[in-house]
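In: Starting from these lines, generate the structure:
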Amino acid sequence: SPRDGKFIEEVGYYDPNTDPSVIKFNEESAKKWLATGAQPTEKVSKLLKIAGIQ
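Out: Numbers count the residues shown, from 1 in each chain. Just a heads-up that it's a prediction; the model follows:
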C-alpha cells in the first residue's frame, strides 16, 4: 500500500534517524506474508535481506 495508505498488518519498522539505524521485523509474520505471496517494495526487500529474513 502507499506509504500513508491502509495496511493489513505491521510486520516491522525502520528508523534511519538513529545511529546506528534501526531495522526491526517480526520475523514470523514477515515470513508468513512472504510465503503467502506478499510482494515487498524494492526498499523493503533490501531491508528484509539486511535483517536476514529474505
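
In: What ranges in the protein fall below the confidence cut-off?
Out: Scanning the chain with the threshold set as pLDDT under 70 gives 1-3.

In: quick one, strands of it?
Out: Per DSSP state E, the chain carries strands over the ranges 12-15, 22-25.

In: And stretch 9-16, what's buried?
Out: 11-12 (16 or more other CB atoms under 10 Å). Every C-beta, even on glycine, is put in place using the N, C-alpha and C of the backbone.

In: try stretch 46-54
Out: 47-48, 53.

In: May I see the residues you listed arranged in CSV, with distance to Asp19 as well?
Out: Shown next, in CSV, are the buried residues of stretch 46-54 (distance: CB to CB, whole Å):
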residue, distance to Asp19
Leu47, 17
Leu48, 22
Ile53, 23
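
In: quick one: which of these sit in helices?
Out: Of the buried residues of stretch 46-54, the ones assigned to helices by DSSP state H are 47-48.
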